[in-house]
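Engineer: give me coordinates for this.
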Amino acid sequence: MTHISVVIPVYKAENCLHELCRRVRESLEIISEDFEIVLVEDGSGDRSWEIIVELSRLDERVKGFKLSRNFGQHAATMCGISKASGEWIITIDDDLEQSPEDIYSLYEKANEGYHLVYGVYKYRSHSFWRNIASQFARILFKIAIPTLNYDYTSFRIIKKEIAKKLAHFDAPFPFIDGYLSWLTNNYAIITVKHYNRAYGHSNYTFLKLLTHTLNIFVSFSDLPLRWVTWVGLISFLIGIFLSFLIVASRLIGGITVSGYTSIITSLIIFSGLQLLVLGIIGEYLSRINFKTSRKPLFLVLTETSKPLKQ
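Structural biologist: Residues are numbered from 1 along each chain as shown. The predicted structure is shown next:
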């Protein structure tokens, strides 16, 4: 059985792959000769897959999987984890912002008895707006998932028994670190340096980050629906209070327009009541959605050991 698997989701990384695999290989050889590198090509549209095939031919320990389209970083990572065979599974990005040379430090910390170790950054090399957006997302995720480690990153080492359980989660918007926070609280962190991207620019636009944040927040929490329920209840109580005031004003002659009292009173009460009912229905729909969502997280089109027939 393989001792260590390194899983790398690949998206538009044709310029990084040769250097990345070389550095990962050199770092792993310090630990053990028994390792594999699992590259998951996530619908890049560039030469990434051709380079992965080339790398796998040069070294049989490099395995490649090509997804049928772009499913996103978390889905691609979960695909790689499902294909990995190592006792320890390491995940790292493809852009060289995380140093492969820090793999040994993750492994060393994990061997102190932890199921999960994160490589976290004291300073991030991202742009100012990206750092602000990330901090905002982390705050929302922490609200949605109280057990979540605030300092999570995509650079992690996971015990096989924990990592393989990720396959049991099939929500339409996967969030690996949210799942891991449910699976184990036996984790640690080490500080690593965050480097500038080696080539090109980040594939995460502001819109993609916002969409990802909202998807995860709604998928992992029914808090928005609870807020709607409370808003509906408060609106209903305020409506009752205002209705008493309107009726009282009518009785003492403060309102002389015919029909005003009944229309406004009905509007206030039933508007609040509608929000309350919608909130309650939403509570049930959210739970039904969690149970019935069965979309596949990813679809492997081909792999390096089984080339796609032309």
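Engineer: ok, and the closest non-adjacent residue to Leu273?
Structural biologist: Residue nearest to Leu273 in three dimensions, not counting chain neighbours: Phe236, with 5.5 Å by CB to CB, 6 or more residues apart in numbering. Heads up, the C-betas are built off the backbone N, CA and C, glycines and all.
Engineer: so the one you found touches Val277, yeah?
Structural biologist: No - with contacts counted by CB atoms under 8 Å, Phe236 stays clear of Val277, the gap being 9.8 Å.
Engineer: quick one: buried residues of stretch 135-143?
Structural biologist: Ala137, Arg138, Leu140, Phe141 (16 or more other CB atoms under 10 Å).
Engineer: quick one: the helices in the stretch 51-200 of the chain, in order.
Structural biologist: Ranges of helices within the stretch 51-200 of the chain are 73-83, 103-110, 128-144, 160-163, 176-183, based on DSSP state H, counting those that start in this stretch.
Engineer: separation between the residue nearest the centre of the chain and Tyr152?
Structural biologist: Closest residue to the average C-alpha location of the chain: Phe175 at 3.0 Å, with CA atoms, centre = their mean. Separation of Phe175 from Tyr152 (CB to CB, to the nearest Å) stands at 10 Å.
Engineer: again with Tyr123
Structural biologist: 17 Å.
Engineer: export the buried residues of stretch 135-143 to a markdown table and append columns for pLDDT.
Structural biologist: A markdown table is the format used below for the buried residues of stretch 135-143 (pLDDT from 0 to 100):
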| residue | pLDDT |
| --- | --- |
| Ala137 | 72 |
| Arg138 | 72 |
| Leu140 | 72 |
| Phe141 | 72 |
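Engineer: and of the residues you listed, the nearest to Leu245?
Structural biologist: Closest to Leu245 out of the buried residues of stretch 135-143 is Leu140 (37.9 Å), distances taken as CB to CB.
Engineer: which ones are touching the residue nearest to the closest one when sequence neighbours are not counted?
Structural biologist: Nearest non-adjacent residue to Leu140, counting by CB to CB, 6+ apart: Phe217, 4.9 Å away. Contacts for Phe217 (CB atoms under 8 Å, 6 or more residues apart in numbering) come out as Leu140, Phe141, Ile143, Ala144, Leu223, Pro224.
Engineer: between these, which sits nearest Asp34?
Structural biologist: Using CB to CB, the contacts of Phe217 come closest to Asp34 at Phe141, 35.4 Å.
Engineer: residues touching the nearest residue to the closest one once chain neighbours are set aside, list them.
Structural biologist: The shortest distance from Phe141 to any non-neighbouring residue, by CB to CB, 6+ apart, is to Leu148 (5.7 Å). By CB under 8 Å, 6+ apart, the contact set of Leu148 is Phe141, Lys142, Asp177, Gly178, Ser181.
Engineer: including distance to Ser305, could those residues go into TSV?
Structural biologist: Putting those into TSV (distance: CB to CB, whole Å) gives the following:
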residue	distance to Ser305
Phe141	37
Lys142	41
Asp177	30
Gly178	32
Ser181	34
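Engineer: closest to Asp95 among those residues?
Structural biologist: Asp177 (18.5 Å).
Engineer: excluding its backbone neighbours, what's nearest that closest one?
Structural biologist: With CB to CB, 6+ apart, the residue lying closest to Asp177 is Tyr152, at 4.1 Å.
Engineer: number of nearby residues for that neighbour?
Structural biologist: When neighbours are counted by other CB atoms under 10 Å, Tyr152 registers 21.
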